[in-house]
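**Q** need coordinates for the below:
(chains A and B)
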Amino acid sequence: MVARARYYDGKVALAREVGVRPASAELIITDAAGTAVVARWPASELVVLGDTEHEKAPPVVRRGEEARLVIDDAELRRQLALSMPALAALGKPRSRAVPRIALFGATLAAALGLFWLAIDVGSSSVAPYVPYGLQHRLGESVAGDLIGEKPLCRGRAGLAAINNLANRLAEAADYPHPVEVRVVKGGPVNAFTLPGGILVFYSDLIDRARNGNEVAGVLAHEMGHVAHHHAIKGLARQYGIDQLLKSMTGGFSDLGTVGQGGGLLLALRNGRAFERDADATGVELLEKLGLRADGIASFFQRMLEERPGDVAAMIGIWSSHPPTAERIAATRRPATGKPAFSDAEWQSLRAICNVPGSTPRQ
Amino acid sequence: MQHKTFCRAARGSDPFVTDLSAAPWGQPTDQPAVAPTPTDLTPSRPVYDGRLGELYGIYLRHLTLMVLTLGWSRFWGRTRLRRYLWNHVSILGDRFEYRGRGIELFLGFVLVLVVLALWAGLMWLLWEFVFHEHTLPGLGFLNLFYLSIAFIGLPLAFVGQYAGLRYKLSRTRWRGIRCGMAGSAWRYGLLATALNIANALTGQFLTPLVSVNLARPRIANAFVGTQRIDFAGHAGDIYGRYIGYYFLNIGAWVVAMAAAVTIAIAGGKGLGFSGEDFEKLFTDFSLRTVLLIVIAFFVVYTLFGVMILPLRCWWQAYLLRYLVARSRAGNVLFATAVGTRQMWGFMVLNYLIVVLTLGLGWPWVMHRTLRLISGELWIYGAPEGAAIAQPPDRGPRFGEGLLDMFDVTGF
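**A** As a prediction, the model looks like this:
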């Protein structure tokens, strides 16, 4: 059998059409006519570079030499592979694309799913064990960035009232550390939770509330975030998602930006799940203390009436919060139970920013 | 048919493809002005016979391993992809061969990590004994470290680019002969930094100078065995077209800005937005603000994309045609008739494919690019193979560490 191939001698850039003849202990490379021997390569020194999966025609070399033999004809490669064990790699059929894509596509999806599960479960189980001191330092640093420049309200009685209720709720939630509520003068109508049990309320929210129960409803919701360690969980998940995206896009630039977009979507999805948990826990905590738990639903209801376009519902997956109507339905409770704040406490809370000294924090 | 396209372009307005026989390469006088065998100018094109499905098989396996190894398999995955791509491209019937190894890329990366660690140590010493004593407010050790990295980052990225190219070429063979790259990566890094800074300071007016002078070392230092590639480009040749592009570009920006402002005002009025609402949008920062900013960005981006990018592609296609036509490997000449539309497909469409498929379109982009090259690169003549010998050196031992660090590598 004389197989046709291309031979490069490794010394100069000349391609030579040659014949290839497998013998028992060697591969004989002849000229195209098969009359003159070009090279004799011992079978024990034959090496196939690469494989048929990646190389269209894997080069055959003699170990330690630069010369190469390239056989483009698949049928001839197969025959050579059959006749010489050292060339067996040449005969491996090219893997079919569709089954490979299906296999690796499915494995990739499963690996991503597992990774995601690990982030999800891992962040939930690790968060409570992050040392409180570290959480608090982190919270303080974020607070410095977010509200460091803004004036804080310093009404003593008001702060005492809201902090007192917050710590009662924390106790009801079996949260083992003290919590601290800070009130920032102005808007938006919002409140948020930072790591280390730091709660931030904007005074506009207190001004817009009709009664103490509404503020207590929001406070209990924020305590839900604290009890579930949402702030730390969110950070841990963010870190995990970043790692996942980095590992997927590590080889290629430009994808970082896209990855960040995807990461943001996942974070927002997380956000919505956290909000649902916090809503449910908030209402539970109020009921556990025998306090009126209808505040948050009535507050949402009024916000929805004032701004009929429910932004969260409109923008769906882009929203960090579930649709307001859904949250109202989930938190609606009868108007029973004790008021969360006494009249005096409520008055002092409303006047929390009207005392001298409400200046930017140093 | 493609060849006809080229011939049409050759009769067209590009000065550098008008007459192949008149040797427009402007060689220095001590070199022969015309290639020694001017008669053999048989045209051929590279052949790419890779299949998208096979490429995807390799790519998805790479991605899977990336996730399972937290990205550490990338050196090996990238090597596999290169092996596939190289070996499915052939010139004059001879396939390229890529013999790089994942471990080389990995070691290159580790090496850069070590160098960075040493650099961090140096910065720590500097901070501890110089800055710390005379406390500078707000300057921590990490600030100093990042500042120093930002400072040396730009030159290093260019050094990495050149070194990466050298590595890739040194692992590439054609007809069993190793390719390679001479020249100093550090010199290239300094040159590229200086030229880019100068270009930025002169309002991008030096672009032809930068393009030609950065293409020169990358082309003229490359070799296939003992065959060097000659490059005879001069910025002066392309300045005329660039000045035209420069002012057209400014005009396009002005028109695009005017259009954007008009659309914003008309759109705002159409949606019943008053000035007060607009003010409120930014004082009362809400989700709505974010959403509107995103929409605005999208509109502006699209508008500018439609107006500015085709113009840019027009210039880039011209530049590419020029650089290719001014390159020569011995008696082998090159030419391409790549036009604005193809450049748009290469620069804009490819980018969109990668972004919109969240990276999964990358093999498709690579496939498209190689098909573009194989369809549009014309090679005139054949090398005198007997005169091209194996080069004496084997190239760098490790690969691309710097390139990897600055994440500027494509594949």
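**Q** ok, residue B:304 - how many residues close by?
**A** Taking other C-beta atoms under 10 Å in any protein chain shown as the criterion, the count of residues near residue B:304 is 16. C-beta here means a position set from N, CA and C on the backbone, and glycine is covered the same way.
**Q** ok, residue B:72 next?
**A** Residue B:72, neighbours per other C-beta under 10 Å, totals 14.
**Q** skipping adjacent residues, who's closest to whichever residue of the stretch 51-200 of chain A sits closest to chain B in space?
**A** Residue nearest to chain B within the stretch 51-200 of chain A: residue A:97 (2.9 Å; C-beta to the nearest C-beta). In space, and not counting its chain neighbours, residue A:97 is closest to residue B:53: 2.9 Å by C-beta to C-beta, 6 or more residues apart in numbering or on different chains.
**Q** who's in contact with the host helix or strand of the one you found?
**A** Assigned by DSSP states H and E, residue B:53 belongs to helix B:52-68. For helix B:52-68, the surrounding residues in contact (C-beta atoms under 8 Å, 6 or more residues apart in numbering or on different chains) are A:53-54, A:94-95, A:97-98, A:100-101, A:104-105, A:107-108, A:111-112, A:115, A:244, A:247-248, A:250-251, B:73-74, B:76-78, B:80-81, B:84-85, B:362-364, B:366-367.
**Q** rerun that using 7 Å as the cut-off
**A** Helix B:52-68 has contacts (C-beta atoms under 7 Å, 6 or more residues apart in numbering or on different chains) with A:54, A:95, A:97-98, A:100-101, A:104-105, A:107-108, A:111-112, A:115, A:247-248, A:250, B:73-74, B:77, B:80-81, B:84, B:362-364, B:366-367.
**Q** export it as PDB, just CAs?
**A** Output in PDB follows, covering the C-alpha atoms of helix B:52-68 (Å, rounded to 0.1, in the frame of the first residue of the first chain):
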ATOM      1  CA  LEU B  52     -19.000  25.800  13.300                       C
ATOM      2  CA  GLY B  53     -20.500  22.700  15.000                       C
ATOM      3  CA  GLU B  54     -17.100  21.300  15.800                       C
ATOM      4  CA  LEU B  55     -15.800  24.600  17.100                       C
ATOM      5  CA  TYR B  56     -18.800  24.800  19.300                       C
ATOM      6  CA  GLY B  57     -18.200  21.300  20.600                       C
ATOM      7  CA  ILE B  58     -14.700  22.400  21.700                       C
ATOM      8  CA  TYR B  59     -15.900  25.700  23.000                       C
ATOM      9  CA  LEU B  60     -18.700  24.300  25.200                       C
ATOM     10  CA  ARG B  61     -16.300  21.800  26.700                       C
ATOM     11  CA  HIS B  62     -13.900  24.700  27.500                       C
ATOM     12  CA  LEU B  63     -16.700  26.700  29.100                       C
ATOM     13  CA  THR B  64     -17.900  23.700  31.200                       C
ATOM     14  CA  LEU B  65     -14.300  23.100  32.500                       C
ATOM     15  CA  MET B  66     -14.000  26.800  33.200                       C
ATOM     16  CA  VAL B  67     -17.000  26.700  35.500                       C
ATOM     17  CA  LEU B  68     -15.900  23.500  37.200                       C
END
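**Q** next structured bit after that helix?
**A** Downstream of helix B:52-68, the first helix or strand assigned by DSSP H and E is helix B:74-87.
**Q** other SSEs contacting that next one?
**A** Using 3 or more C-beta pairs under 7 Å, 6 or more residues apart in numbering or on different chains; DSSP states H and E, the elements in contact with helix B:74-87 are helix B:52-68, strand B:94-98, helix B:102-126.
**Q** how about 10 Å then?
**A** For helix B:74-87, the helices and strands in contact under the criterion 3 or more C-beta pairs under 10 Å, 6 or more residues apart in numbering or on different chains; DSSP states H and E are helix B:52-68, strand B:94-98, helix B:102-126, strand B:172-174, helix B:362-376, helix B:401-405.
**Q** in JSON lines, list the ones you listed along with mean pLDDT and mean neighbour count.
**A** Listed next are the helices and strands packed on helix B:74-87 as JSON lines, based on pLDDT from 0 to 100; neighbours: other C-beta atoms under 10 Å in any protein chain shown:
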{"stretch": "helix B:52-68", "mean pLDDT": "92", "mean neighbour count": "21"}
{"stretch": "strand B:94-98", "mean pLDDT": "95", "mean neighbour count": "21"}
{"stretch": "helix B:102-126", "mean pLDDT": "85", "mean neighbour count": "15"}
{"stretch": "strand B:172-174", "mean pLDDT": "96", "mean neighbour count": "23"}
{"stretch": "helix B:362-376", "mean pLDDT": "94", "mean neighbour count": "19"}
{"stretch": "helix B:401-405", "mean pLDDT": "53", "mean neighbour count": "24"}
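**Q** can you put those in TSV and add distance to residue B:390?
**A** Shown next, in TSV, are those (distance: least, C-beta to C-beta, whole Å):
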stretch	distance to residue B:390
helix B:52-68	30
strand B:94-98	14
helix B:102-126	20
strand B:172-174	10
helix B:362-376	26
helix B:401-405	26
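**Q** for residue A:35, find the nearest of the ones you listed.
**A** Nearest to residue A:35, of all those, is strand B:94-98, at 24.2 Å by C-beta to C-beta.
**Q** now the helices for chain B?
**A** For chain B, the helices defined by DSSP state H occupy B:2-11, B:52-68, B:74-87, B:102-126, B:141-170, B:185-201, B:207-220, B:235-270, B:275-283, B:287-325, B:340-344, B:350-356, B:362-376, B:401-405.
**Q** before we move on, back to that, closest to residue A:198 out of the helices and strands packed on helix B:74-87?
**A** helix B:102-126 (33.0 Å).
**Q** for the closest one, the distance to its chain's centre please.
**A** 25 Å (C-alpha atoms, centre = their mean, to the nearest Å).
**Q** for stretch B:337-351, same thing?
**A** Chain-centre distance of stretch B:337-351: 14 Å, with C-alpha atoms, centre = their mean.
**Q** in it, what counts as buried?
**A** For stretch B:337-351, burial by neighbour count (16 or more other C-beta atoms under 10 Å in any protein chain shown) applies to B:337, B:338, B:339, B:340, B:342, B:343, B:344, B:345, B:346, B:350.
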